[in-house]
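Visitor: got a predicted structure here, sequence first:
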Amino acid sequence: MFTGIIETLGTIQEIKKEKDNIHVTIDSSITNELKIDQSVAHNGICLTVVKIQDSQYTVTAIDETIKKTNLGDWKVGDLVNLERAMKLGDRLDGHIVQGHVDQTGICKSILETNGSWLYTFEYDDKLNNLTIEKGSITVNGVSLTVVNSQKKEFSVAIIPYTHEHTNFKNFEVGSKINQKKVVILYREVPGEDHMCLVTYSDSLPSLYHDEVMKVLESVAGQQAESFADALFRHIMADGKNALQTLHSNGFIKKVPASTVIVTPNSKSNVKLDELNRILKEMSTGKDAAKRMTEIESGKADAARTKAQPRNVGEPVRSIADSVADVLSDADLAQQRIDQATRMKADAERLLKEAEVLLAEAAELSPQTKTNEPKAKKRTSTKTKAD
């Protein structure tokens, strides 16, 4: 049994998969006080210590735990909230926590309000896991009080001490009380360059997911300036292009670019809004190019990728907001026109390049000019008047 009062933070050092199980090795300041078979809450998940070595210890999660929690989303380097089991006779500063997670939720918004933070989470209520106003709830192992309890969502207030001493400081909008994988369709929304359009790949039906991944991994997908352009050219089984299919089924979401983390490679990551700024500056000087090189090598200033608190009073859009008001049918029609215009310009450019090549060929070898395909002459027939 636990209390929901976090003792310390641990850092994930290694993750190993063995059949349906996952072994997680964590570095922590309390490792030297732990014992084999001891129970420790990790983000509220009760796990048993199976190995201890120096400042690190290992726990094992079974398939059922992985399915019910966000443990499957953990990555090396992530911070984990840690609490050892409570002792009988100690003060109960939080509330009684079993360490058995009911379900996961999604961080819907984060709002800074005069020194504290208001976090709103949404969850699937099909299991009837309803919250009640002023009731206790554990989020990532932290004992909190529910405010603004509504159907499928609730909010909690986080004081500065809790924000600093738990992994709440690393939460982003869209976090599965951790993070979800996204495919970036538009890095910037026209007129709202602080927002972007994404689709949550893990939430797509298998057919759509496979088609999107196929485009993403294709040459066209890798070379496209905007991935949406590549999706627009890809026709799905229903006869519509992939972008239109995602739009019509509500799978495109508008989220703040500052909440999307881009991983150029396994060693580095950068917020999308920062990446957008760098790309805009690339053509203006060496400083931006140097910063991009540092990001790709994993040597970028950690402050650039660290989750930052929201500005006071800044509203944060829900990740569940429909994109219907952003990407309308008229927008898709306009995109078709823009795409056709670009294709026409490409065709005209290729024709001009072809003329230059033919001219160069004629200069190099005049007889090649006679080999050029000749246009067929039109023939006309005249009939005598009766």
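Guide: Received it, and whenever you're ready, just let me know what you need.

Visitor: any idea which helix or strand comes after the lowest-mean-pLDDT helix or strand in the chain?
Guide: Lowest by mean pLDDT, DSSP states H and E among the helices and strands of the chain is helix 302-305, with a mean of 41. Sequence order places helix 329-364 as the next helix or strand after helix 302-305, per DSSP states H and E.

Visitor: just the helices from the protein, written as ranges.
Guide: 63-68, 160-165, 206-217, 219-223, 227-233, 242-248, 272-281, 286-297, 302-305, 329-364 (DSSP state H).

Visitor: mean neighbour count and distance to residue 113 added to these, as TSV?
Guide: (Glycine included, C-beta is placed from N, CA and C.) Shown next, in TSV, are these (neighbours: other C-beta atoms under 10 Å; distance: least, C-beta to C-beta, whole Å):
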stretch	mean neighbour count	distance to residue 113
helix 63-68	14	32
helix 160-165	14	12
helix 206-217	15	38
helix 219-223	12	41
helix 227-233	21	35
helix 242-248	22	35
helix 272-281	17	22
helix 286-297	15	32
helix 302-305	12	23
helix 329-364	11	35
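
Visitor: the top strand by length along the chain pairs with which strands, parallel or anti?
Guide: If you go by DSSP state E, the chain has its longest strand at strand 8-18. Strand 8-18 pairs in its sheet with strand 21-27 (antiparallel), strand 79-84 (antiparallel), by DSSP bridges.

Visitor: check these for me and report the most buried one.
Guide: Each of these was scored by mean neighbour count; the highest is strand 79-84, a mean of 22, by mean count of other C-beta atoms under 10 Å.

Visitor: I'd like the average pLDDT over it.
Guide: Taken as a whole, strand 79-84 has an average pLDDT of 94.

Visitor: and it, how far out from the chain's middle?
Guide: 24 Å (C-alpha atoms, centre = their mean, to the nearest Å).

Visitor: give me the contacts around that strand.
Guide: 2-12, 26, 28, 30, 33-34, 38-44, 74, 140-142, 166-167, 170 (C-beta atoms under 8 Å, 6 or more residues apart in numbering).

Visitor: also stretch 125-144?
Guide: Here stretch 125-144 has contacts from 2-6, 41-45, 81-83, 93-95, 97, 102-103, 105, 119, 121, 123, 145-149, 151-152, 154, 156-158, 162, 166-168, 177, using C-beta under 8 Å, 6+ apart.

Visitor: apply 6 Å and report the result again.
Guide: Here stretch 125-144 makes contact (C-beta atoms under 6 Å, 6 or more residues apart in numbering) with 4, 6, 41, 43-44, 81, 94-95, 97, 102, 146, 149, 152, 154, 156, 166, 177.

Visitor: ok, stretch 7-16 next?
Guide: By C-beta under 6 Å, 6+ apart, the list of residues contacting stretch 7-16 reads 23-30, 56, 74, 76, 78-80, 82-83.

Visitor: measure stretch 66-84 end to end?
Guide: 20 Å (C-alpha to C-alpha, to the nearest Å).

Visitor: contact partners for residue 243?
Guide: 228, 231-232.

Visitor: mind running it again at 10 Å?
Guide: Taking C-beta atoms under 10 Å, 6 or more residues apart in numbering as the criterion, residue 243 is in contact with 185, 197, 199, 212, 215, 227-234, 236, 252, 327, 332, 335.

Visitor: what does residue 60 give?
Guide: Contacts of residue 60 by C-beta under 10 Å, 6+ apart are 16, 18, 21-24, 47-51.

Visitor: with respect to residue 277, which of those residues is nearest?
Guide: Nearest to residue 277, judged by C-beta to C-beta, of the contacts of residue 60 is residue 24 at 35.2 Å.

Visitor: list the contacts of that closest one.
Guide: With C-beta under 10 Å, 6+ apart, residue 24 has these contacts: 10, 12-16, 42, 47, 57-61, 71, 74, 76, 78, 80.

Visitor: which residues does it bridge with?
Guide: residue 15, residue 59.

Visitor: how about low-confidence regions in the stretch 201-350 of the chain?
Guide: 202-203, 259, 263-269, 283-329, 331-332 (pLDDT under 70).

Visitor: go with 50
Guide: Within the stretch 201-350 of the chain, the stretches with pLDDT under 50 are 266, 301-326.

Visitor: picking that back up, out of the contacts of strand 79-84, which are inside strands?
Guide: Using DSSP E, the contacts of strand 79-84 in strands are 8-12, 26, 39-42, 142.

Visitor: of the residues you listed, buried ones?
Guide: With neighbours counted by 16 or more other C-beta atoms under 10 Å, these contain buried members at 9-10, 12, 26, 40-42, 142.

Visitor: tell me, how many residues neighbour residue 167?
Guide: Using other C-beta atoms under 10 Å, residue 167 has 22 neighbouring residues.

Visitor: what's the answer for residue 255, then?
Guide: 25.

Visitor: what's near enough to touch residue 72?
Guide: Taking C-beta under 10 Å, 6+ apart as the test, what residue 72 contacts is 15, 17, 22, 61, 63, 65-66, 104, 176, 178.

Visitor: related to what we said a few turns ago, out of the buried ones among the ones in strands among the contacts of strand 79-84, which is nearest to residue 349?
Guide: So of those, ranked by how close each gets to residue 349 (C-beta to C-beta), first place is residue 12, at 50.6 Å.

Visitor: where does the stretch 51-200 of the chain dip in pLDDT?
Guide: Ranges of the stretch 51-200 of the chain meeting pLDDT under 50: 178-179.

Visitor: swap in 80 and give it another go.
Guide: In the predicted model, the stretch 51-200 of the chain carries pLDDT under 80 at residues 89-95, 98-100, 113-114, 124-130, 172-182, 190-191, 193, 200.

Visitor: how about the strands of it, start to end?
Guide: 56-61, 79-84, 105-113, 116-123, 136-139, 142-150, 153-158, 183-186, 195-199 (DSSP state E, counting those that start in this stretch).

Visitor: quick one on the thing from earlier: can you put the strands paired with strand 8-18 in JSON lines and add distance to residue 193?
Guide: JSON lines is the format used below for these (distance: least, C-beta to C-beta, whole Å):
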{"stretch": "strand 21-27", "distance to residue 193": "39"}
{"stretch": "strand 79-84", "distance to residue 193": "30"}
